[in-house]
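Participant: Output the structure for:
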Amino acid sequence: MLESITPLLSDPAAWAALVTLVVMEVVLGIDNLIFISILSNKLPPEHRQRTRRIGIGLALIMRLGLLATIGWIVGLTQPVFDLGFHGETFDTAFSWRDLILIAGGLFLLWKATKEIHHSVDTTPSNDLLEKDKKDVVLNNVGAAIFQIILLDLVFSVDSILTAVGMTEHVPIMMVAVIAAVTVMLLAADPLANFIDKNPTVVMLALGFLLMIGAVLIADGFGVHVPKGYIYAAMAFSALVEGLNMWSRNAQIRKAQAQEAARAALNKAETAERGV
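Facilitator: Just a heads-up that it's a prediction; the model follows:
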């Protein structure tokens, strides 16, 4: 292993590929991080950080494991069955990668729709009220980790296959994955706390997951949507939401200043009447 890494250290092309892969893995990890944040924020506060770390740690282990079986991963792009239709934008020759992406996309659509329903429906569940609180917490933590593992698999296969198309050196891929997952680990708690404190951001994030799910399904059916368009749309939506948050905070500060001024005026008038 060391013998294969040493020549890469003096190769500028290898360093350029590493930087590109790290950036790409970080960008692709945003989807996974949003999903982990939304799931973990539904848990009691004492379980959230541990669940996020377990989920991100499993993502690292899964991606390194997939890289160790890179030949098998590349084989996932070979068609396993064909329905006989081949068009310019739509193809019915499905590989295991396509099936994994379609399944992951359907899972994201289901999960995001379910979370949106829970966000707008404030009626408590009678089943949960009848269960012991400790059992409910344990079940939720286990369910959250299981769902994180499922989605980790989808994003891991997609990112590894993308990395294979950019470089043939497995050590570079491994270093890029480790660096990207480290960034995810550092950003997980701040992002989750930010989403938790801003309810409107939760709905925006769920909208992102719906869009990503639709893109995964389309990709599985051979309709490739450039990821630059997706992330540009996400960035624009985040910018608009940021402006809305800035406007709301400005209105809150203005209302607080007006309330403080009224309180000071009332205090002064009371003092004058007392004199």
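Participant: my guess is A187 meets I34, correct?
Facilitator: No - using Cβ atoms under 8 Å, A187 and I34 do not qualify as a contacting pair, with a distance of 10.8 Å. The C-beta positions use only the backbone N, C-alpha and C, and glycine is treated the same way.
Participant: all strands for this structure, in order.
Facilitator: For the chain, strands defined by DSSP state E occupy the ranges 79-86, 91-95.
Participant: ok, back up a step: ok, A187 and I34, which is more surrounded?
Facilitator: Here A187 and I34 are compared on neighbour count by other Cβ atoms under 10 Å; more neighbours surround I34, at 22 against 16.
Participant: Mind checking the pLDDT average for stretch 195-206?
Facilitator: Across stretch 195-206, pLDDT averages out at 79.
Participant: Report the contact partners of the residue nearest to L153 when sequence neighbours are not counted.
Facilitator: Of all residues not flanking L153 in the chain, M62 sits nearest, at 6.5 Å (Cβ to Cβ, 6 or more residues apart in numbering). Going by Cβ atoms under 8 Å, 6 or more residues apart in numbering, M62 touches I149, D152, L153, S156.
Participant: Neighbour-wise, give me the winner out of those.
Facilitator: Neighbour max across the contacts of M62 (other Cβ under 10 Å) = S156, 25 neighbours.
Participant: now that one: how far from T69?
Facilitator: 12 Å (Cβ to Cβ, to the nearest Å).
Participant: Any chance of JSON lines for the contacts of M62, columns pLDDT?
Facilitator: What follows is those, written out as JSON lines (pLDDT from 0 to 100):
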{"residue": "I149", "pLDDT": "82"}
{"residue": "D152", "pLDDT": "80"}
{"residue": "L153", "pLDDT": "80"}
{"residue": "S156", "pLDDT": "77"}
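Participant: which one of those residues is nearest K267?
Facilitator: Relative to K267, the closest of the contacts of M62 is D152; by Cβ to Cβ it sits at 58.5 Å.
Participant: So that closest one is in contact with L58, correct?
Facilitator: Yes - between D152 and L58 there is a contact at 5.8 Å, judged by Cβ under 8 Å.
Participant: Now for the closest residue in space to I116 that isn't next to it in sequence, how many residues are close by?
Facilitator: Spatial nearest neighbour of I116, excluding adjacent residues (Cβ to Cβ, 6+ apart): L206 at 5.2 Å. Neighbours of L206 under the rule other Cβ under 10 Å: 22.
Participant: what's the answer for V19, then?
Facilitator: 12.
Participant: contacting residues around it?
Facilitator: By Cβ under 8 Å, 6+ apart, the contact list for V19 is empty.
Participant: surely I212 meets L109?
Facilitator: No - at 9.4 Å, I212 and L109 do not qualify as touching, with contact defined as Cβ under 8 Å.
Participant: neighbour-wise, which of these two wins?
Facilitator: Neighbours were counted for I212 and for L109 using other Cβ under 10 Å; I212 has more, 24 against 18.
Participant: which residues sit against stretch 213-230?
Facilitator: Stretch 213-230 is contacted from outside by 27-28, 89-94, 97-102, 104-109, 112, 154, 158, 211-212, using Cβ under 8 Å, 6+ apart.
Participant: can you check stretch 259-275 too?
Facilitator: Contacts of stretch 259-275 (Cβ under 8 Å, 6+ apart): none.
Participant: quick one: average pLDDT of it?
Facilitator: 77.
Participant: and W96, how many neighbours?
Facilitator: Burial of W96 is recorded as 16 neighbouring residues (other Cβ under 10 Å).
Participant: Tell me which stretches of the stretch 1-150 of the chain form helices.
Facilitator: 2-9, 12-41, 45-68, 70-75, 96-120, 126-130, 133-164 (DSSP state H, counting those that start in this stretch).
Participant: can you put those helices in CSV and add distance to M173?
Facilitator: Rendered in CSV, the data for the helices of the stretch 1-150 of the chain read as follows (distance: least, Cβ to Cβ, whole Å):
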stretch, distance to M173
helix 2-9, 11
helix 12-41, 7
helix 45-68, 5
helix 70-75, 8
helix 96-120, 17
helix 126-130, 43
helix 133-164, 5
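Participant: Comparing these, which comes out most buried?
Facilitator: Mean neighbour count, computed with mean count of other Cβ atoms under 10 Å, is highest for helix 12-41 among the helices of the stretch 1-150 of the chain, reaching a mean of 19.
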